[in-house]
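1. give me a model of this one.
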Amino acid sequence: MPATAGAGPSGAARPAIHREVLPSASRHVSLALVVIPGPVHEIEPEPYLRISFNVGPSYSFEASGPGTHASFAMRHHALMVIPPGAAVAHSTATPRPAGRALKPARLATFRISTELLADSAIALGLPPGRAQLRHQVVPGDEVLRLLSQALYADLREGHPDGARATERLAMALVTRLLLREQGRSAGPAQSGLDKARAHIDAHLGDSLSLEDLAAVAGMSLFHFCRVFRESTGVTPHQYIVGRRMELACRLLWSARLAPGGGPGMLDIALACGFSSQSHFAAQFRRHTGQTPRQWQRNLGQTADTPQAP
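-> The predicted model follows:
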């Protein structure tokens, strides 16, 4: 199985990404089985649309690239969309319970040609400028989950009706995603939520009130809390705590690799919006079952790479 590796923070070696591309009878769609054993990795640009179906454990990650920076929760059977030509850096340093090894992410990645993407857009009557998908994670869509499972089975085992049937299934998946994207572009509520999440990311070290977030989103407090939970699956408070824990883990990871130890615990606590080191340690332990120092020491412990699904 081919593997790639890169340099992590401060030049440290990143764990290799294991990728196996399966043979495909279609020139428009293929399957890659991907195992990501480490918390930091880069997704190199490729000339096709990539739709990754999470066949492993749930995890959270940060994504950054030219003009983009966002956080995502990649639940089991969620989809991650990566547009053609996109290069994205991911950090998956997510807290884990005490005594439990960091489990590698396991993805079934559909690699879909730009020709099939264009055909899907034409079938919907979309003009060329709107036949685009952004880098995103799509949770909780039952139709997309069923289409992904069927396409995954076809590409692993072969469709009895051949490559054209597999391509029709891939086109149905892409069409569903394009329809969701068009609906999002027209939705002011989603735009308001994007502004609120961006505000949270930019002010994790500050006090964040629900009233302020609702004002940023341009909604009433009640409507904001309801729409936020419908969109993300968690309350605004749970989202903020999760984002602060993810930031703490990234800082702990960087400090472990940095020459001289990097920022101290108090600096990390303040950067993550906690008033004191003891408050930070108590919240971190409540969230992970470990103190920050225990979690930092255990970063090197990873589970054995699982077999491809």
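2. which of the helices or strands spans Trp247?
-> No, residue 247 isn't Trp; it's Leu. Secondary structure here is read from DSSP states H and E; on that basis Leu247 sits in helix 236-257.
3. could you give the mean pLDDT of the helix or strand just after that helix?
-> Heading C-terminal from helix 236-257, the first helix or strand you meet, by DSSP H and E, is helix 265-271. Summarised as a single mean, pLDDT over helix 265-271 is 88.
4. stretch 213-222 now?
-> Over the span of stretch 213-222, the pLDDT mean works out to 92.
5. starting at the chain centroid, how far to it?
-> Mean C-alpha position of stretch 213-222 versus that of the full chain (CA atoms, centre = their mean, to the nearest Å) differs by 25 Å.
6. and that stretch, what's buried?
-> Of all the residues in stretch 213-222, those buried under the rule 16 or more other CB atoms under 10 Å are 213-214, 216-217, 219. The way it works is simple: take the backbone N, C-alpha and C, and place the C-beta from them, glycine included.
7. what does stretch 263-276 rub up against?
-> Around stretch 263-276, the neighbours that count as contacts under CB atoms under 8 Å, 6 or more residues apart in numbering are 204-208, 244-245, 247-248, 251-252, 254-255, 277, 279-281, 283, 292-293.
8. helices or strands up against the helix or strand harbouring Ala32?
-> Assessed by DSSP H and E, Ala32 sits inside strand 29-36. The contact analysis (3 or more CB pairs under 8 Å, 6 or more residues apart in numbering; DSSP states H and E) places strand 29-36 against strand 17-21, strand 105-112, helix 142-157, helix 163-185.
9. so which bits of the shortest one are buried?
-> I take that to be strand 17-21. Applying a neighbour-count criterion of 16+ other CB under 10 Å, the buried positions in strand 17-21 are 17-19.
10. so which of the residues you listed is the closest to Arg106?
-> Closest approach to Arg106 among the buried residues of strand 17-21 (CB to CB): His18, at 9.6 Å.
11. touching, the closest one and Arg106? I think so.
-> No: applying CB atoms under 8 Å as the test, His18 and Arg106 come out as separate, 9.6 Å apart.
12. joint contacts of those two?
-> For the pair His18 and Arg106, residues contacting each of them under the criterion CB under 8 Å, 6+ apart are 34-36.
13. so which of those residues comes closest to Gln149?
-> Relative to Gln149, and with distances defined as CB to CB, the nearest of the shared contacts of His18 and Arg106 is Val34, at 16.9 Å.
14. need the residue closest to the centroid of the chain.
-> Note on the chain: the residue nearest the mean C-alpha position is Phe72, at 4.3 Å, using CA atoms, centre = their mean.
15. mind checking the SS state of the nearest residue to that residue once chain neighbours are set aside?
-> Excluding its sequence neighbours, the residue lying closest to Phe72 (CB to CB, 6 or more residues apart in numbering) is Val137, at 4.1 Å. Counting by DSSP: H, G, I helix; E, B strand; the rest coil, the backbone at Val137 sits in strand.
16. hang on, the earlier thing: just the buried residues out of the contacts of stretch 263-276, in ChimeraX syntax.
-> One line in ChimeraX is enough to select the buried ones among the contacts of stretch 263-276; burial here means 16+ other CB under 10 Å:
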select :204,208,244,245,247,248,251,252,254,255,277,280,281,283,292
